[in-house]
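Enquirer: Sequence and predicted structure below; questions after.
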Amino acid sequence: PHPRPAVKTLTRLDLLLRGATLGTVMDSLARMHGDRRLAEEPSGGIRVTYRQADKRVCRWSGGIRRRVDLGDRVLIATDNSYEQFLLCLAAARAGAIPVPVNPQMRPEEIAHVIDDSGATLVISAATDVDDGDPCTEAHVADPEDVAALFYTSGTTGTPKGVALSHRALVGQVIAGVAWPARLHRDEVVFSLPIAHIMGFVTLMGFACAGVPTYLLPSFRPDTVLEAIERRRATIFIGVPAMYRMMLEAGAEGYDLGSVRVWGSGADVMPDDLARAFKGFGATLSLPLVGALGEATFVEGYGMVEVGGGVATKVSPPFVPLGLGHSVGFPLPSYRMRVVDDDGVDVGGGEVGELWVKGPGVLKGYWNAPEATAETVTADGWLRTGDLARRGVLGSVVFVGRKKDVIKHGGYSVYANEVQKALEAHEQVLEAAV
């Protein structure tokens, strides 16, 4: 190994242009943000700056490199913690392919992932690989190379490994470096599973943006609400079920006025929940005056097969837009189509399957070429399995899952729309069809 080169300060433009990969991104961010706080966990957990995180990644990467060959898969089977995120970066830095798994998976599910991925190393804690010389030179990867494998939930069969590129996992969020992190104080409270694509990409995005993360390893609504209030957090990202549980836990009784942005994904956010939490937050807080205005609500649409999000919608303070079942507008570099069973675009207002195309689309399912061919067309369109209608101004409205269509008397009944009808009743809290 060569001596580590002298530290050179990076500008945001440098990082945007150099094609950061999973193995190089922390080194670049450390040179940009230095001793600024990156992440913190409750008592006994991790607390690191960007520079400290980079040192850990380099050290753990050296331990991994001692044990694997280039391209080997490394199962990251740690607790849900920032350590798991950094170990993924360390594996990529060593030239391996990280495979993070959720600690809530059953032993037989983890065994399947090990067998299917062909993992040659299983890491249950950072101490397993904290014994090598620091890996001062990262493996040079192409942004289009496979960066990591994320396994699907397996709700419709055994989990499949989704092979995602560096461009999908890093290239799509690296623009976050343009966030004016030094102009005002921000902190995000985070309690998502890191082995889930939404959690992983969210952490990556906030790291790039210079926004420190307070990570709670497991979600408890009262613990999250207390953390937001105590730490005066400005951002919270969760899934709709989390928001429902926080509302039931008495969210209105906490001081959440520090929150400027609420975010959601992974499922459709009910209007009433989004409106309630917009009201709990604020546009800004002033000394001696307190919280003023409403928070912004941001909702993303995506899935593991696209490396996170492909569309988004924003509901600004006091504006009743960006709510409801629209998936929003496609993000830059993404295109969306609504097609019939023959792959032909349907007319406005008609229901069809949503197809998307863009830089995050999976490279393929690991060791499953037939499943890949069924999901991705020859010209790169991903069949999402979601049913949708074209909305106004190029937006797309979510209708339901293709497999959840009920044929009744010759008519197509969409389970999601039946749920919406049931939940419109004042005595129904939630419904599942």
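Expert: Perfect, I can see it now.
Enquirer: low-confidence ranges in this structure?
Expert: Along the chain, the model assigns pLDDT under 70 to residues 1-18, 153-157, 175-183, 288-290, 410.
Enquirer: Quick one: the helices in it, in order.
Expert: 12-17, 25-33, 50-65, 82-93, 107-117, 166, 197-209, 221-231, 240-248, 271-280, 369-375, 415-423 (DSSP state H).
Enquirer: what about these, which gets the closest to G349?
Expert: Nearest to G349, of all those, is helix 415-423, at 14.2 Å by Cβ to Cβ. Every residue, glycine included, has its C-beta placed from N, CA and C.
Enquirer: Buried ones in the closest one, by neighbour count?
Expert: Using 16 or more other Cβ atoms under 10 Å as the burial criterion, the residues of helix 415-423 that qualify are A415, N416, V418, Q419, K420.
Enquirer: What's the end-to-end length of stretch 112-128?
Expert: 22 Å (Cα to Cα, to the nearest Å).
Enquirer: how far out from the middle of the chain is that stretch?
Expert: Mean-position distance between stretch 112-128 and its chain equals 22 Å (Cα atoms, centre = their mean, to the nearest Å).
Enquirer: what do you get for stretch 114-131?
Expert: Centroid separation for stretch 114-131 versus its chain: 23 Å, with Cα atoms, centre = their mean.
Enquirer: Also stretch 105-119?
Expert: So, by Cα atoms, centre = their mean, the centroid of stretch 105-119 is 22 Å from its chain's centroid.
Enquirer: and the closest residue to S81 other than its chain neighbours, how far is that from N102?
Expert: Spatial nearest neighbour of S81, excluding adjacent residues (Cβ to Cβ, 6 or more residues apart in numbering): P217 at 5.6 Å. From P217 over to N102 the distance is 12 Å, taken as Cβ to Cβ, to the nearest Å.
Enquirer: anything in contact with each of those two?
Expert: Between them, P217 and N102 share these contacting residues under Cβ atoms under 8 Å, 6 or more residues apart in numbering: N80.
Enquirer: quick revisit: Throw the buried residues of helix 415-423 into CSV and include distance to K278, thanks.
Expert: Output for these, formatted as CSV (distance: Cβ to Cβ, whole Å):
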residue, distance to K278
A415, 28
N416, 23
V418, 27
Q419, 23
K420, 20
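Enquirer: Pull the most distant pair out of these.
Expert: Among the buried residues of helix 415-423, A415 and K420 lie farthest apart (Cβ to Cβ), at 9.9 Å.
Enquirer: Spit out the contact partners of V101.
Expert: Listed by Cβ under 8 Å, 6+ apart, the contact set of V101 reads L75, I76, A77, E109, I110, V113, Y151, A195.
Enquirer: and it, what are its phi and psi?
Expert: Note on V101: backbone dihedrals following degrees, to the nearest 10 are phi -130, psi 150.
Enquirer: Okay, strands next: where are they in the stretch 151-300 of the chain?
Expert: 161-165, 188-190, 213-215, 235-238, 261-264, 284-286, 290-292, 296-303 (DSSP state E, counting those that start in this stretch).
Enquirer: For those strands, give me TSV that also has distance to A424 and mean neighbour count.
Expert: Compiled in TSV, those are given as follows (distance: least, Cβ to Cβ, whole Å; neighbours: other Cβ atoms under 10 Å):
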stretch	distance to A424	mean neighbour count
strand 161-165	35	25
strand 188-190	31	25
strand 213-215	36	22
strand 235-238	24	25
strand 261-264	20	21
strand 284-286	34	13
strand 290-292	31	14
strand 296-303	20	23
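Enquirer: List just the one of those that sits closest to R47.
Expert: Nearest to R47, of those and by Cβ to Cβ, is strand 213-215 at 9.9 Å.
Enquirer: what sits up against the closest one?
Expert: 38-41, 45-46, 81-82, 187-191, 203, 206-207, 227, 231, 233.
Enquirer: what do you get if the cut-off is 6 Å, keeping everything else the same?
Expert: By Cβ atoms under 6 Å, 6 or more residues apart in numbering, the residues outside strand 213-215 that reach it are A39, E40, E41, Y82, V188, V189, F190, F206, R231.
Enquirer: circling back: looking at the buried residues of helix 415-423, which one is closest to V304?
Expert: N416 (20.2 Å).
Enquirer: I'd assumed K402 was in contact with the closest one.
Expert: No: with contact defined as Cβ atoms under 6 Å, N416 does not reach K402; the gap is 11.2 Å.
Enquirer: and L393, how many neighbours?
Expert: Other residues near L393 come to 5 when the count uses other Cβ atoms under 10 Å.
Enquirer: Then the one 4 residues further on?
Expert: V397 has 19 neighbours, counted by other Cβ under 10 Å.
Enquirer: dump the residue contacts of it.
Expert: V397 neighbours (Cβ under 6 Å, 6+ apart): H325, S326, R389, G391.
Enquirer: Same check on A77?
Expert: Contacts of A77 (Cβ under 6 Å, 6+ apart): V101, V122, S124.
Enquirer: next one: A90
Expert: So, once contact is read as Cβ under 6 Å, 6+ apart, A90 ends up touching V57, W60, S61, I64.
Enquirer: Now with 10 Å, please.
Expert: Residues in contact with A90 (Cβ atoms under 10 Å, 6 or more residues apart in numbering) are 22-23, 26, 56-65, 74, 76, 83, 96, 98, 123, 126, 129, 135, 138.
Enquirer: Equivalent analysis for T49, please.
Expert: Listed by Cβ under 10 Å, 6+ apart, the contact set of T49 reads A30, H33, G34, D35, R36, R37, L38, A39, K55, P212.
Enquirer: from those residues, which single one is nearest S258?
Expert: P212 (14.0 Å).
Enquirer: Does R335 touch L354 like I think?
Expert: No: the criterion here is Cβ atoms under 10 Å, and R335 misses it with L354 at 11.2 Å.
Enquirer: Tell me which of the two has more neighbours.
Expert: The neighbour comparison of R335 against L354 (other Cβ under 10 Å) goes to L354, with 26 against 12.
Enquirer: ok, so what distance separates the more buried one from V376?
Expert: From L354 to V376 the distance is 14 Å (Cβ to Cβ).
Enquirer: which neighbours do the two share?
Expert: L382, R383.
Enquirer: Thanks a lot, see you next time.
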